[in-house]
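Novice: quick check, what structure comes out for this input:
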Amino acid sequence: MEDGRLKLFGQEIHRLGLPWEQSRHVEVLARLEARTGKMIPPRDFMPVAERFGLAARLDRWIIRNALTRHGEAMRAGAILLDFNLSAQTLSAPQLWDFVDEAIAESGAPLSASRSPKPPPSPISTRRPSSCARRGSAIAASASTISALA
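Specialist: Presented below is the predicted three-dimensional model:
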């Protein structure tokens, strides 16, 4: 992360049956750039990160950087970001406090309720009710969180 070799990519997720203009979901994907320049997929580096207790640190870097880069576009309703997270991250009790802080720092929308009618996500469900009370624009499932515009 510190040496700039962790790269973020986005893959559009289109919900079938909706017009393309309403398809605003982008799944944030991370790749590790090898010293040779080859892109290494998460299936090859995340198990090592999990084994050494670094997966939550990687996930937090990904969340913070994606929100920082795209917070303004999210606030404008142009995109929704989906994140695949490790079990290590999802089990951390401080996850939602971190997400709330990252949203606030990035300028991403603070609450999904500010959007007139966010389109349903084909991948994730609303964040757990204990976290939803704080009003952050995040939805959760066992493997994904989505920042909702």
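
Novice: only C-alpha atoms for contact and neighbour calcs from this point on.
Specialist: Fine.

Novice: doesn't L8 lie inside a helix?
Specialist: No. Assignment of L8 by DSSP: H, G, I helix; E, B strand; the rest coil gives strand, placing it outside any helix.

Novice: what does the helix or strand L58 falls within contact?
Specialist: Element membership for L58 (DSSP states H and E) is helix 55-75. By Cα atoms under 8 Å, 6 or more residues apart in numbering, the surrounding residues in contact with helix 55-75 are 1, 8, 28, 30, 46, 49, 79-80, 83, 85-86, 88-89, 98-99, 102-103, 105-109, 148-149.

Novice: in it, what's buried?
Specialist: For helix 55-75, the neighbour count (16 or more other Cα atoms under 10 Å) marks 55-56, 58-60, 62-64, 66-68, 70-75 as buried.

Novice: and the helix or strand following it, what's its mean pLDDT?
Specialist: Going down the chain from helix 55-75, the next helix or strand is strand 80-84, by DSSP H and E. Within the predicted structure, the mean pLDDT of strand 80-84 is 91.

Novice: quick check: bridge partners of the most centrally placed residue in the chain?
Specialist: In the chain, the centroid-proximal residue (Cα atoms, centre = their mean) is F83; its distance is 2.9 Å. Beta-bridge partners recorded for F83 (DSSP bridges): V28, I145.

Novice: quick check: it touching I13?
Specialist: No. Judged on Cα atoms under 8 Å, F83 makes no contact with I13 at a distance of 12.0 Å.

Novice: common neighbours of these two, please.
Specialist: Common contact partners of F83 and I13 (Cα under 8 Å, 6+ apart): E27.

Novice: tell me the residue furthest from the middle of this structure?
Specialist: No residue in the chain has its C-alpha farther from the mean C-alpha position than T36, which lies at 27.6 Å (Cα atoms, centre = their mean).
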